[in-house]
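>>> My questions concern the predicted model and sequence given below.
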Amino acid sequence: MTDERAFEGTAFLGLARSSKKDPYRLGLFAQHLERGERPTVFLPIQGGTLLVTDRRILQFRPHLDIAGPWNVRRFLGYDLERAADRSDVRHVEYRAAPPSPDGGSRVLEERLLLSTSEGSQEVLLSRGPQAVLTSEEVRLLRTAILDDQAK
């Protein structure tokens, strides 16, 4: 399915847990799915969206077209920025900490660290005054990435 129906049964985490599920927007993400691929977790992240499917971990950024003398930006959809096969991920670590070790900042950064067979990848999930993910959502995200039978 390459339309919004592919997201039936998907867990919407973080800021997406209470937002409206726009069929048009979901359809734009669905265009990037392979035949038979099923999304399990949808998570808005800093500057984009993280989508965990039954096969892959996909990171998207908005595709904006800048045109004209006023640099008007027009939204054209989503670009796939990074993709990793779930089968390559060996370990998932979640960190929520200030951006610098001195602790003088009131900002908290949530990061997801993925250890794969080819090295590690880091995803900035959020940056703000408090964590966006609950402990249950962190557990669900970790399970969706590592478990062969992600629900």
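Alright, I've got the coordinates. Numbering: from 1, shown residues only.
>>> Spatially central residue in this protein, please.
Centroid-nearest residue in the chain, with C-alpha atoms, centre = their mean: residue 50, separated by 1.1 Å.
>>> what sits against that one?
41, 42, 43, 44, 57, 58, 59, 60, 112, 123, 125 (C-beta atoms under 8 Å, 6 or more residues apart in numbering). (Glycine included, C-beta is placed from N, CA and C.)
>>> Compare those residues and tell me which is most surrounded.
When neighbours are counted by other C-beta atoms under 10 Å, residue 43 leads those with 26 neighbours.
>>> sorry, back to before: just checking, which of the contacts of residue 50 belong to strands?
41, 42, 43, 44, 57, 58, 59, 60, 112, 123, 125 (DSSP state E).
>>> separation between residue 128 and residue 16?
Counting by C-beta to C-beta, to the nearest Å, the gap from residue 128 to residue 16 is 15 Å.
>>> my bad, residue 4
To residue 16, residue 4 is 14 Å away according to C-beta to C-beta.
>>> Which strand runs longest in this structure?
strand 72-85.
>>> ok, the contacts of residue 50 vs residue 147, which is closest?
For those, the minimum distance to residue 147 (C-beta to C-beta) is 11.3 Å, reached by residue 41.
>>> Can you read off the pLDDT for that closest one?
Predicted confidence (pLDDT) at residue 41: the value is 96.
>>> OK, contacts around it?
Per C-beta under 8 Å, 6+ apart, neighbours of residue 41: 10, 11, 13, 50, 51, 52, 140, 141, 144, 150.
>>> can you list those in JSON lines and add pLDDT and distance to residue 27?
Putting the contacts of residue 41 into JSON lines (pLDDT from 0 to 100; distance: C-beta to C-beta, whole Å) gives the following:
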{"residue": "10", "pLDDT": "94", "distance to residue 27": "13"}
{"residue": "11", "pLDDT": "94", "distance to residue 27": "19"}
{"residue": "13", "pLDDT": "95", "distance to residue 27": "20"}
{"residue": "50", "pLDDT": "97", "distance to residue 27": "18"}
{"residue": "51", "pLDDT": "97", "distance to residue 27": "13"}
{"residue": "52", "pLDDT": "97", "distance to residue 27": "18"}
{"residue": "140", "pLDDT": "97", "distance to residue 27": "24"}
{"residue": "141", "pLDDT": "97", "distance to residue 27": "23"}
{"residue": "144", "pLDDT": "96", "distance to residue 27": "22"}
{"residue": "150", "pLDDT": "42", "distance to residue 27": "22"}
